[in-house]
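What shape does this take:
(one chain, ligands or ions: 2)
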Amino acid sequence: MRPPLPPCPVPLERLRPTAAPLELAVQLPPEVYRDPEVFAFERVAILDRAWRCLGRTEEVPESGSCRCSPATPEGVLLVRGEDGVVRGFYNVCPHRGALLLHHPAAHQTSLVCPYHAWRFGLDGRLLGAPHTRGLQGFDPADHGLPAVRVDTWQGFVFANLDGQAPPLLEWLDDLPSVFGRWRLEALRCGRSESYVVQANWKLLGENFAESHHFPLIHPELNRLTPTGRAGSIASRGPWQGGTMALREDAETVSLDGSRHGRALLPGCTTEDARLVYDFLVWPTLLVSVQPDYLLVYRLDPVAPRATRVTASIHFAPDARPEEPCHAPDVFAFWDLTNRQDQRVCERQQLGVESRGWRPGRYATVEDGTHLFDRMVVRAYGFSASVGGQVR
Ligand code: FES
Ligand SMILES: [Fe+2]
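Numbers count the residues shown, from 1 in each chain. Ligands and ions are numbered 1, 2, ... in the order given. Okay, here's the model as predicted:
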């Protein structure tokens with residue numbers, strides 16, 4: 001049984017206006033975007049309870065591949081073992097708590113702590129601990145790396161930090177069946193970048209969940225996928241999805257709207273090739289399935305006003321084998337668009353901290369943002385019937 005949540009620092013009555021139906025609802029109270037106590041509560045109530053995406057399996061491609069995810073302040077190690085299994089460990093040494101890995105990625109035959117050289121196998125077992133022979137009651141089997149529960153789906157690596165969530169596929173509920181026709185495990189990364197946005201993580205989620213801002217913030221994107229053509233996908237599980245129809249003369253979202261001969265994603269149907277599918281997998285994975293590439297954003301909240309974003313773009317493995325994963329037209333397009341979102345979210349953070357701001361109303365086309373905020377409210381413990389599954 002999962003322990004009960006600590007008390008929510010926001011009085012639950014303050015959340016009721018957000019839980020109301022869209023036509024009546026009011027946005028979240030301002031303290032949820034700035035208060036360190038709320039941020040600490042969210043780590044326990046949201047981030048540690050969910051299955052959160054930490055990366056893609058291709059980031060740890062072979063035995064000995066090791067990568068440090070910024071999902072927690074100390075980091076979570078993803079390590080592929082000699083048996084091919086991807087495992088997760090807290091990046092902390094059981095001896096005296098030093099951090100094990102300083103670099104985001106490395107290749108190892110074993111993991112050696114840089115402080116006093118305790119050595120661990122790729123499966124986390126303690127293999128060597130200098131000057132411990134004379135100790136009483138010291139069993140190396142009790143001093144392996146602290147394990148994190150990890151599972152994979154469609155090439156995404158997920159971790160559940162509190163270890164109490166249902167199995168990943170059960171937790172994702174109906175998402176795998178909606179996503180099932182694409183085969184995304186084999187995709188290859190063409191570009192990955194990581195940057196810190198000076199805004200609360202929920203502002204980034206709310207922004208991703210609506211296309212209402214496209215005309216003014218992303219005129220280039222709005223030309224290819226006009227906001228007026230947005231549709232939503234019914235969901236039952238901890239996710240929400242929507243579609244954007246491509247303009248008739250565009251093949252994809254890139255600088256000139258052309259695929260430049262790139263293959264469609266494996267499993268993409270003729271109908272899919274005319275659409276962009278956006279999915280927000282609660283709480284911090286944002287995915288956009290374009291006809292010929294997959295766009296992934298992982299949010300790692302680092303402080304009430306700071307969120308690390310890891311943005312990556314993945315292609316079909318057989319796309320232009322002579323020029324693997326090189327798509328400057330796509331990279332340049334998203335460099336521009338990501339900066340546009342970063343700027344608007346950072347300016348919004350300043351706004352929601354203003355003494356002059358009171359939570360506003362949602363526009364009728366901001367149903368996705370409202371749905372996201374209802375999931376926040378529900379995860380905080382507000383238990384009225386607010387829809388959206390958060391476990
Ligand atoms: S803290 Fe790691 S070996 Fe001492
Ligand atoms: Fe945007």
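
Would you confirm that Tyr277 contacts Leu294?
No - using CB atoms under 8 Å, Tyr277 is not in contact with Leu294; the gap is 10.0 Å. From N, CA and C alone the C-beta is placed, and that goes for glycine too.

mind listing the helices for the protein?
Applying DSSP state H to the chain gives helices spanning 16-19, 36-42, 168-172, 175-179, 201-208, 214-217, 219-224, 328-352, 367-379.

Give the rounded mean pLDDT of the fourth one.
Think helix 175-179. Helix 175-179 shows a mean pLDDT of 94.

Count the residues that sit near the residue lying closest to Val32 once chain neighbours are set aside.
Leaving aside its sequence neighbours, Val32 sits nearest to Val38 (CB to CB, 6 or more residues apart in numbering; 5.3 Å). Val38: 20 surrounding residues under other CB atoms under 10 Å.

State the pLDDT value of Val38.
98.

do the same with the one 4 residues further on
Looking at Glu42, its pLDDT stands at 98.

what residue ranges in the stretch 201-350 of the chain score low on pLDDT?
Along the stretch 201-350 of the chain, the model assigns pLDDT under 70 to residues 319-324.

ranges for the strands of it?
Ranges of strands in the stretch 201-350 of the chain, per DSSP state E, counting those that start in this stretch, are 230-233, 239-245, 275-281, 285-289, 294-303, 306-315.

Using CSV, lay out the helices of the chain together with distance to Gly242.
Below are the helices of the chain laid out as CSV (distance: least, CB to CB, whole Å):
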stretch, distance to Gly242
helix 16-19, 20
helix 36-42, 24
helix 168-172, 18
helix 175-179, 12
helix 201-208, 10
helix 214-217, 12
helix 219-224, 14
helix 328-352, 16
helix 367-379, 6
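
Identify the residues contacting the nearest residue in space to Gly84 that is not next to it in sequence.
Excluding its sequence neighbours, the residue lying closest to Gly84 (CB to CB, 6+ apart) is Ser63, at 6.7 Å. By CB atoms under 8 Å, 6 or more residues apart in numbering, the contact list for Ser63 reads 80-82, 84, 122.

Between the residues you listed, which sits nearest ligand 1?
Among the contacts of Ser63, Leu122 lies closest to ligand 1 (CB to the nearest ligand atom), at 17.1 Å.

and the stretch 51-200 of the chain, which of its residues are near ligand 1?
93, 95-96, 98, 113, 115-118 (CB under 6 Å from any ligand atom).

between the strands of the stretch 201-350 of the chain, which gets nearest to ligand 1?
So among those, strand 294-303 is nearest, using CB to the nearest ligand atom, at 23.9 Å.

Pull out the buried residues from the closest one.
Across strand 294-303, burial judged by 16 or more other CB atoms under 10 Å covers 294-302.

One more: stretch 159-170?
Buried-residue list, stretch 159-170, by 16+ other CB under 10 Å: 159-161, 165, 168.

which one among these gets closest to Trp239?
Proximity of those to Trp239 was ranked by CB to CB; the top entry is Leu168 with 12.7 Å.

tell me the contacts of the closest one?
Counted by CB under 8 Å, 6+ apart, Leu168 has contacts 51, 151-153, 158, 160.

could you show me where the strands are in the stretch 1-150 of the chain, in order?
52-56, 65-69, 76-80, 86-90, 105-107, 111-112, 119-120, 126-128, 147-153.

who touches the fourth one?
Taking contacts as CB under 8 Å, 6+ apart, the residues outside strand 86-90 that touch it are 54, 57, 60, 72, 74-81, 122-124, 145-150, 152, 157, 159.

Buried ones among those?
Buried members of the contacts of strand 86-90, scored by 16+ other CB under 10 Å, are 54, 57, 60, 72, 75-81, 122-124, 145, 148-150, 152, 157, 159.

what about stretch 16-25, start to end distance?
For stretch 16-25, the first-to-last residue distance is 9 Å (CA to CA, to the nearest Å).

what comes up buried for that stretch?
17-19, 22, 25.

nearest to ligand 1, of those?
Thr18 (44.7 Å).

In terms of pLDDT, where does the closest one sit?
So, for Thr18, pLDDT stands at 97.

ok, the residue nearest the centre of the chain - contacts?
With distances taken as CA atoms, centre = their mean, Leu285 lies nearest the centre of the chain, 2.5 Å away. Contact analysis of Leu285 by CB under 8 Å, 6+ apart lists 52-53, 156, 279, 296-299.
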